[in-house]
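Visitor: Need coordinates for the following:
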Amino acid sequence: MGFAVVGAPFNTLTVEHINNAGYVGLWRTSIFCQPSSFCVKSRPPVKKQLIRAEAANVTQTRQTIEECEAAVIAGNPPPAPAVPPKPHSPHGTPAISPITILKRPRRNRKSATLRAAFQETTISPANFILPLFIHEGEEDTPIGAMPGCYRLGWRHGLIEEVYKARDVGVNSVVLFPKIPDALKSPTGDEAYNENGLVPRAIRLLKDKYPDLVIYTDVALDPYSSDGHDGIVREDGVIMNDETVHQLCKQAVAQARAGADVVSPSDMMDGRVAAIRVALDREGFQDVSIMSYTAKYASAFYGPFREALDSNPRFGDKKTYQMNPGNYREALIESGTDEDEGADILMVKPAMPYLDVIRLLRDNSSLPISAYQVSGEYSMIKAAAAEGMLDETKAMMESLLCIKRAGADAILTYFALQAARNLCADGK
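Guide: Numbers count the residues shown, from 1 in each chain. Okay, here's the model as predicted:
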């Protein structure tokens with residue numbers, strides 16, 4: 001039987017069948033294999049020199065550790081690549097003496113491996129909560145102000161979108177309903193209809209994906225004929241305690257349908273404690289509360305209100321949502337929500353309020369979530385569409401910064417897109 005001996009780097013020898021029937025082995029040897037007397041014939045040089053041999057077995061003696069060490073001690077180390085030449089500077093670079101700098105932070109940024117090793121903040125699909133708009137229709141309807149987002153048909157489009165999210169590691173969603181105008185009322189009674197759009201969607205999702213974590217929105221604005229988060233008195237005042245009464249019934253209806261986390265976004269005083277009591281009284285002690293703790297009266301919500309057709313019929317929401325100029329007030333809200341039994345505290349919006357995210361992170365041991373709202377999403381999409389920035393890089397940077405500020409979970413319309421990007425990068 002004939003074999004081929006393949007020339008290989010120092011201390012290796014590769015042996016193959018000449019007829020290419022299979023690979024035989026790789027041996028360490030004390031010499032670099034060169035053509036020798038046992039070759040059948042020589043061949044023109046190739047990158048790895050091939051020598052044909054008649055020998056049925058090729059035996060080479062391995063060097064022992066002692067022999068290797070003896071060669072080095074005797075001044076005959078094995079060859080290694082030469083020291084690489086110093087890269088040349090471009091023509092015109094000034095000749096200077098190096099600055100005496102003991103600390104050069106750039107040393108820890110000089111390679112991708114070092115940058116990855118020392119990166120303080122990372123994100124993964126597990127950090128994302130995907131907001132989903134649902135409606136009663138069969139077809140998915142695009143939302144003009146939010147490219148790439150749709151009002152999903154609750155029976156088909158919703159299921160398909162959740163499947164896509166789970167496929168890339170996003171297993172948490174929050175539902176926002178587009179309610180038909182005919183079902184809206186001043187008191188928002190449709191909010192606690194146990195056969196309403198949201199409870200039906202929850203039951204369907206839990207039937208299809210039992211381990212999916214479902215967050216719900218607790219507020220009256222999608223159900224209110226006035227477009228406000230609470231009941232509006234005839235003089236325009238948002239009624240606090242009466243609204244809280246409705247919110248408790250809404251939260252219980254959602255929990256009964258299978259919601260894992262109810263999320264009061266209304267900013268009424270005392271609603272966290274009232275909802276906690278209502279849930280516990282109905283046997284839903286394991287249902288969590290993610291409170292919209294520091295929800296600001298922001299201009300960045302515009303596209304969202306188009307998606308749900310939930311703009312206030314009059315006035316604004318400044319009497320219950322926080323003043324964008326206030327910082328310390330967030331501590332009052334977070335302390336109150338924590339005392340009332342909130343399990344998760346949220347800051348909304350996210351990017352313009354990174355300082356508030358950090359404030360809550362430094363002052364609470366509870367998980368902190370942040371909502372990258374519709375305006376933040378649409379700005380990146382619009383700028384990218386005009387070629388003003390790289391959409392993927394801007395998306396990932398914005399999410400990383402929100403996480404760096406202290407958010408444990410991020411509600412973002414980019415969840416699916418960002419998760420796919422992370423999976424593609426192997427992270």
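
Visitor: what bridges to Met239?
Guide: Ile231 (DSSP bridges).

Visitor: same check, this time on Val174
Guide: With DSSP bridges as the rule, Val174 is bridged to Pro131, Tyr215.

Visitor: Contact partners for it?
Guide: Under the criterion of Cβ atoms under 8 Å, 6 or more residues apart in numbering, the neighbours of Val174 are Ile129, Leu130, Pro131, Leu132, Ile214, Tyr215, Thr216, Asp217, Ser263, Leu411. From N, CA and C alone the C-beta is placed, and that goes for glycine too.

Visitor: Against Val244, how distant is it?
Guide: According to Cβ to Cβ, to the nearest Å, Val174 stands 21 Å off from Val244.

Visitor: Show me which helix or strand of this protein is least confident by mean pLDDT.
Guide: Here the helix or strand of the chain ranked lowest by mean pLDDT, DSSP states H and E is strand 23-27, holding a mean of 39.

Visitor: what about the stretch 251-400 of the chain, any weak spots by pLDDT?
Guide: 310 (pLDDT under 70).

Visitor: if we go to 80?
Guide: Scanning the stretch 251-400 of the chain for pLDDT under 80 picks out the ranges 305-311.

Visitor: my guess is Cys423 meets Ala165, correct?
Guide: No - assessed by Cβ atoms under 8 Å, Cys423 is found out of contact with Ala165, at 11.8 Å.

Visitor: Just want to know which of the two has more residues nearby.
Guide: Ala165 (23 against 14; other Cβ atoms under 10 Å).

Visitor: and that one, what does it touch?
Guide: Leu130, Asn171, Val173, Ala415, Leu416, Ala419.

Visitor: repeat that with 6 Å
Guide: Neighbouring residues of Ala165 by Cβ atoms under 6 Å, 6 or more residues apart in numbering: Leu130, Leu416.

Visitor: Secondary structure element for it, which one?
Guide: helix 157-167 (DSSP states H and E).

Visitor: Run the chain-centre distance for that helix.
Guide: On the basis of Cα atoms, centre = their mean, to the nearest Å, helix 157-167 sits 16 Å off its chain's mean C-alpha point.

Visitor: and it, which residues are buried?
Guide: Across helix 157-167, burial judged by 16 or more other Cβ atoms under 10 Å covers Gly157, Leu158, Ile159, Glu161, Val162, Ala165, Arg166.

Visitor: Out of those, which is nearest to Arg361?
Guide: Closest to Arg361 out of the buried residues of helix 157-167 is Ala165 (26.1 Å), distances taken as Cβ to Cβ.

Visitor: Quick check: the closest one vs Met268, distance?
Guide: 31 Å.

Visitor: want to try TSV for the buried residues of helix 157-167, with pLDDT and distance to Arg276 as columns?
Guide: Converted to TSV, the buried residues of helix 157-167 look like this (pLDDT from 0 to 100; distance: Cβ to Cβ, whole Å):
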residue	pLDDT	distance to Arg276
Gly157	97	33
Leu158	98	29
Ile159	98	31
Glu161	98	31
Val162	98	28
Ala165	98	29
Arg166	98	30
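
Visitor: closest to Ala382 among the residues you listed?
Guide: Lowest distance from Ala382 to the buried residues of helix 157-167 (Cβ to Cβ) belongs to Glu161, with 22.5 Å.

Visitor: The stretch 101-250 of the chain: helices as residue ranges?
Guide: Applying DSSP state H, counting those that start in this stretch to the stretch 101-250 of the chain gives helices spanning 112-117, 157-167, 197-208, 240-257.

Visitor: Output those helices as CSV; include the columns distance to Pro349.
Guide: Below are the helices of the stretch 101-250 of the chain laid out as CSV (distance: least, Cβ to Cβ, whole Å):
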stretch, distance to Pro349
helix 112-117, 29
helix 157-167, 22
helix 197-208, 23
helix 240-257, 22
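
Visitor: what about stretch 215-222, how long is it end to end?
Guide: Stretch 215-222 has an end-to-end distance of 16 Å (Cα to Cα, to the nearest Å).

Visitor: Tell me which residues touch Asp269, please.
Guide: Asn240.

Visitor: how about 10 Å then?
Guide: Asn240, Asp241, Thr243, Val244, Tyr320, Glu333, Thr336, Glu340 (Cβ atoms under 10 Å, 6 or more residues apart in numbering).
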